[in-house]
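J.: A structural model of the following input is requested.
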Amino acid sequence: MKPYWELTFDSDGDVDAAQRGRLLSGAERERVTDLLVFAHGWNNDLRTARNLYRRFFTPFARLAGSGVRLGYAGVLWPASRFPDEPIPDFEPSATPRAATPAPVRDPDDVALDEPTLHLLARVFPGPADAARIDRLGLLLQERSAVRSRLDEFVRIVRDLVAVREPSPAHEFGHDIGGGEPAMLTDDAVEVCEVFLAMLEDREGRQFLGGAPGRLWRGAKELLRQATYYAMKRRAGAIGRLGLGPALGLLAGDVPDIRVHLVGHSFGARLVSYGVQGMPAGARCVKSVTLLQGAFSHYAFSGRLPHDRSRGGALHRVPRRIDGPLVCCYSRHDDALGRLYPLASKLAGDSCGFLGLWERWGALGFDGIKAVDGARRVGLGAALPARGCVSVDAAAVVRRGGAPNGAHSDICHEELARTVCAAGRIALAADGR
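T.: As a prediction, this is how the structure comes out:
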């Protein structure tokens with residue numbers, strides 16, 4: 001995995017200028033022909049991100065042909081993953097007391113353990129956030145049957161993830177429409193009931209209605225999904241305001257370089273907004289590969305099926321790519337197939353459960369939708385030279401436990417080959 005560079009961004013999209021300088025000068029010095037740029041999704045720490053990049057990038061040196069000089073870049077940005085979510089074949093994250101795997105917990109035990117509290121403190125470092133997080137932990141530990149306690153919990157969650165002025169995240173929260181998600185506005189008990197019902201359906205358990213003690217499990221899921229919604233907004237801001245301009249500088253300094261963007265989960269949203277944020281005329285991006293993308297399957301649509309007067313927020317992005325936009329999806333991704341639509345539904349939307357997954361579904365679960373000329377192919381099939389294509393990766397993206405299923409099962413040579421095929425990266429004779 002050499003040469004390798006990193007680009008670190010803060011929550012507003014500001015880049016580490018020294019790292020950016022090393023990438024620009026290094027790519028030219030190393031005479032890189034093809035640069036692979038990977039943006040992680042929800043995450044806990046730098047070690048996990050770097051481990052992901054090392055594992056995903058490993059096959060490329062063997063696959064690439066002799067005339068290809070590969071370079072690798074890892075995007076590091078402040079995202080989050082709750083410590084109770086396993087990643088297939090990865091060690092637990094390096095949080096203060098998570099050096100060894102945690103014991104299996106009762107699913108109805110909703111208390112926030114120390115690694116989760118530590119995570120929330122890093123994700124929400126504002127002056128008033130520490131007191132909010134402490135109160136959330138106490139309420140989950142208490143699991144009171146008093147309605148006012150649940151209302152208080154939901155109010156604090158909503159205050160925690162609210163966008164503060166003058167954060168640029170205001171402009172990057174939605175892929176197909178404005179407004180707040182219903183989970184941040186609707187009745188507290190109803191929101192918790194919906195999340196609890198979905199969790200228990202995933203486990204094959206019978207939903208027992210609004211049993212007061214059990215509703216706190218739905219409340220904890222609201223905290224998880226609201227935290228991820230904040231990360232979704234952040235990914236758009238970092239892509240548009242940070243990665244896009246950096247790619248423009250790279251195109252100017254190393255005009256012949258071929259860039260291949262890869263993003264996982266919210267990192268897929270980040271690289272997509274990165275293309276949108278490139279300066280006019282920059283044509284260095286030769287392919288974009290989205291792995292289990294955690295954003296709307298209508299984001300690239302020119303006309304939304306439910307509102308023909310509008311398009312998705314990224315509908316102009318495919319024409320900015322000098323090659324294909326490839327979306328790898330899997331039906332085994334429970335994070336996107338079950339929980340994402342619930343968390344994404346906007347306040348005031350009238351669609352019921354029957355239309356929820358169609359209206360608010362994620363492209364990492366069922367591919368790109370409502371894009372003229374878009375294709376759908378199987379894993380390993382030939383890819384078009386331009387335009388949108390959805391690749392069914394369920395044959396390899398299939399492992400993972402609750403609550404997210406196979407969402408993070410992405411380190412496979414078959415997916416590395418998909419990136420090579422999308423970018424027209426010549427393969428070695430024995431790599432075919």
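J.: Low-confidence bits of the protein, can you list those?
T.: 44, 91-108, 164-170, 202-212, 352-354, 430-432 (pLDDT under 70).
J.: let's see it at 50
T.: Along the chain, segments meeting pLDDT under 50 span 94-104, 207-208, 210.
J.: any idea how it splits into domains?
T.: Using automatic domain parsing, the domains assigned to the chain come out as 4-80+234-431, 114-231.
J.: and the gap between Pro415 and Phe57?
T.: Not Pro; residue 415 is Leu. Distance, Leu415 to Phe57, by Cβ to Cβ, to the nearest Å: 11 Å. C-betas here are computed from N, CA, C, even on glycine.
J.: next one: Ala73
T.: Distance from Ala73 to Phe57, by Cβ to Cβ: 10 Å.
J.: shared neighbours of these two, which are they?
T.: Common contact partners of Ala73 and Phe57 (Cβ atoms under 8 Å, 6 or more residues apart in numbering): 4, 36, 38.
J.: Parallel or antiparallel, list what pairs with the helix or strand hosting Val262.
T.: Secondary-structure assignment from DSSP states H and E places Val262 in strand 258-264. Paired neighbours of strand 258-264 in the sheet (DSSP bridges): strand 34-39 (parallel), strand 285-291 (parallel).
J.: Heading C-terminal from the shortest one, find the next helix or strand.
T.: Think strand 34-39. Heading C-terminal from strand 34-39 (DSSP H and E), you reach helix 46-57.
J.: hmm, who's touching that following helix?
T.: 1, 4, 36, 38, 40, 43, 72, 74, 76, 81, 87, 90-91, 93-94, 262, 264, 410-411, 415-416.
J.: Repeat the analysis, applying 6 Å as the threshold.
T.: The contact list for helix 46-57 (Cβ atoms under 6 Å, 6 or more residues apart in numbering) reads 1, 38, 40, 43, 72, 74, 76, 93-94, 411.
J.: Take those and lay them out in a markdown table including distance to Leu52 and neighbour count.
T.: Shown next, in a markdown table, are these (distance: Cβ to Cβ, whole Å; neighbours: other Cβ atoms under 10 Å):
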| residue | distance to Leu52 | neighbour count |
| --- | --- | --- |
| Met1 | 12 | 17 |
| Phe38 | 8 | 23 |
| His40 | 6 | 26 |
| Asn43 | 8 | 24 |
| Tyr72 | 12 | 22 |
| Gly74 | 8 | 23 |
| Leu76 | 11 | 18 |
| Ser93 | 11 | 20 |
| Ala94 | 14 | 13 |
| Cys411 | 7 | 23 |
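J.: of all the residues you listed, which comes closest to Arg158?
T.: Asn43 (23.8 Å; Cβ to Cβ).
J.: if I look at that closest one, how far off is Arg234?
T.: 12 Å.
J.: now do Arg143
T.: Distance from Arg143 to Arg234, by Cβ to Cβ: 31 Å.
J.: In terms of packing, which of these two has more residues around it?
T.: Ranked by neighbour count (other Cβ atoms under 10 Å), Arg143 and Arg234 place Arg234 first, with 28 against 19.
J.: Which secondary structure state is assigned to the more buried one?
T.: helix (DSSP: H, G, I helix; E, B strand; the rest coil).
J.: if we can go back for a sec, of the shared contacts of Ala73 and Phe57, closest to Thr185?
T.: Distances from Thr185 to the shared contacts of Ala73 and Phe57, taken by Cβ to Cβ, are shortest for Phe38, at 34.9 Å.
J.: nearest spatial neighbour of that closest one, skipping sequence neighbours?
T.: Val262 (4.6 Å; Cβ to Cβ, 6 or more residues apart in numbering).
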